[in-house]
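1. sharing a sequence plus its predicted fold:
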Amino acid sequence: MTPPRRERRRPEADVGDPERLYVITGGPDGAERAPLDLVTMIVARDEPSPTVQPEQAAILRLCRAPLSVAEISAYLSLPFSVVTALLTELLATELVESRAPIVRAALPDRSLLEAVMHGLQKL
């Protein structure tokens, strides 16, 4: 007797549905999108209202603490472009705030580091 075959779990049918993504983003209306990249930090400024889309409400709940756009995209299982469209609307209504990640300061000149190292060795 052969054991029953296991079926692979399939992702939800509507996650990759192009029609669903088209409806979420509002279609190609030609509107400018916010200049967001994968590491832009997003934080919610307010609780979701009953009038926002379910995906936008999910973003507002997720972003009580700052999250990057890449993290939001991963948690919601939505493409980056769709998350960017949703965030553009939330930014326009001032429900979320965005900021660039903290950038590491430029490294000092190598000659300066060598001079400090030699000075410390002479002590």
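-> Everything's here; your move.
2. for this structure, which spans come out with low pLDDT?
-> Along the chain, the model assigns pLDDT under 70 to residues 1-31, 102-107.
3. can you pull out the helices in it?
-> 18-25, 54-62, 69-76, 80-92, 110-122 (DSSP state H).
4. out of the ones you listed, deepest packed?
-> Among the helices of the chain, helix 80-92 has the highest mean neighbour count (mean count of other Cβ atoms under 10 Å), at a mean of 19. The C-beta positions use only the backbone N, C-alpha and C, and glycine is treated the same way.
5. okay, angle between that one and helix 54-62 too, please.
-> If you take axes from the mean of the first three to the mean of the last three Cα atoms, to 10 degrees, helix 80-92 sits at 70 degrees to helix 54-62.
6. list the helices and strands helix 80-92 packs on?
-> Judged by 3 or more Cβ pairs under 8 Å, 6 or more residues apart in numbering; DSSP states H and E, helix 80-92 is in contact with helix 18-25, helix 54-62, helix 69-76, strand 96-99.
7. if we use 10 Å, what do you get?
-> Packing contacts for helix 80-92, counted by 3 or more Cβ pairs under 10 Å, 6 or more residues apart in numbering; DSSP states H and E, involve helix 18-25, strand 41-44, helix 54-62, helix 69-76, strand 96-99.
8. okay if I get the ones you listed as CSV plus distance to residue 113?
-> As requested, those are exported to CSV (distance: least, Cβ to Cβ, whole Å):
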stretch, distance to residue 113
helix 18-25, 49
strand 41-44, 31
helix 54-62, 41
helix 69-76, 33
strand 96-99, 31
